[in-house]
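**Student:** Quick check, what structure comes out for this input:
(one chain, ligands or ions: 4)
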Amino acid sequence: ANPVKAYSSLYYFDRRLANRFGRYQVLAKLLKKALNEQAVEVYYQPIVAIPSLQIEEFEALFRIQLDTELEYEIQELISIAEANNWINEIDTMVTKIALNALPDIQKHYQDDNIAIAINRSLANDRITHCCLEDTIDILLASNADLSKVTIELTESAVFENFQQQKKWVEKLQEYGVKVAIDDFGTGYSSFAYLSNLPVNFIKIDRSFVTDLTLDSNEYAMIEMLCKLAHKIGAKVIAEGVETVEELSLLSRAKVDLLQGYIFSRPLSLENILTNQVQPYPDSLSEHLYQRSAS
Ligand code: C2E
Ligand code: MG
Ligand code: MG
Ligand code: MG
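**Tutor:** Ligands and ions are numbered 1, 2, ... in the order given. Next comes the predicted model:
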């Protein structure tokens, strides 16, 4: 081995680690500050049904303005919040803001059936007992029509602690709340667990949707998932739909609902209420898969 090379790559590794550590510290500090100032915002992205392409839900997504030139993704801030036990604080704020916004959104579209989907992290569950119990408290304290609320839980969080989470999922559903498994396919993806957990929606992760082709493994997986989901009475949502090719293939695989930039990016409430977004142009309908009558 070349000692100089070994040394330099080690040095490089250390420096990268230090950069990352520094970046993490900076973002964590800025996030905490912004949270203390209650600078939380929520953006909303439509989820549309096949074949009507009508809006069925809006997903509420956390946004915050940090005082920095650093570029960051929301997922990164969520991970930092989870590591520091701030995630419940974020989820609580987002939940309250989103529940408040729902009547305005329904009124704007003149459709009381539009629902709101809210992400709920279970990462701090073991420390703070049950996040879902908190969620139930917030939902019950609000005036919201709970049959128009979906709680999105990530796959790994639910299946890691299955027996306990199952109890809370069922409790939510007793109140009429719907439950979605988010980012399906990125964790343990256990089909066996799914048939034991009566969820309402399964959201296929964007990584399965990007560059989808008919002969891909991803297509086969999505088709199989739809079959299973329909058998257990769940609907499948595909995330990250950007192209008409993807839209066409997803409808062919019998996916029920679509979410992605092809319809709309996440928008502020103000934008939704003033801009008259038309997230389902008629021209998109032509790209839905047409089943021949048999
Ligand atoms: P998610 O729950 O899977 O949300 C969907 C993400 O995909 C959003 O990213 C959305 O902007 C993005 N997306 C939607 N359509 C497209 C598309 O066509 N192309 C691309 N490239 N991206 C698309 P966002 O808002 O950055 O959020 C990232 C993740 O952060 C979320 O993934 C969720 O896991 C987490 N998150 C966001 N808000 C909250 C929150 O309030 N609470 C918790 N616990 N987690 C949240
Ligand atoms: Mg989600
Ligand atoms: Mg997701
Ligand atoms: Mg995701």
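
**Student:** Just give the number of residues close to the residue nearest to residue 67 when sequence neighbours are not counted.
**Tutor:** Counting by C-beta to C-beta, 6 or more residues apart in numbering, residue 67 lies nearest to residue 30, which is 6.1 Å off, once chain neighbours are set aside. For the C-beta atoms, the positions are set from N, CA and C on the backbone; glycine is no exception. The tally of other residues near residue 30 (other C-beta atoms under 10 Å) stands at 19.

**Student:** Distance check, residue 30 against ligand 2.
**Tutor:** Residue 30 sits 24 Å away from ligand 2, going by C-beta to the ion, to the nearest Å.

**Student:** quick one: stretch 224-240 to chain centroid distance?
**Tutor:** Distance of stretch 224-240 from the chain centroid (C-alpha atoms, centre = their mean, to the nearest Å) equals 16 Å.

**Student:** Please see if it touches ligand 2.
**Tutor:** No - Stretch 224-240 is not in contact with ligand 2 by C-beta under 5 Å from the ion; minimum separation 7.5 Å.

**Student:** circling back to that earlier point, report the contact partners of the residue nearest to residue 67.
**Tutor:** 66-68 (C-beta atoms under 8 Å, 6 or more residues apart in numbering).

**Student:** what do you get for residue 97?
**Tutor:** Residue 97 touches 40-42, 60, counting by C-beta under 8 Å, 6+ apart.

**Student:** What is the subsequent helix or strand relative to the lowest-mean-pLDDT helix or strand in the chain?
**Tutor:** Least confident helix or strand, the chain: helix 3-36 with a mean of 72, by mean pLDDT, DSSP states H and E. Counting by DSSP states H and E, the element after helix 3-36 in chain order, helix or strand, is strand 40-49.

**Student:** Average pLDDT for that next one, rounded please.
**Tutor:** Mean pLDDT, strand 40-49: 97.

**Student:** swap in stretch 202-219?
**Tutor:** What stretch 202-219 shows for mean pLDDT is 95.

**Student:** Just give me the closest of the contacts of residue 30 to residue 253.
**Tutor:** Closest approach to residue 253 among the contacts of residue 30 (C-beta to C-beta): residue 66, at 38.9 Å.
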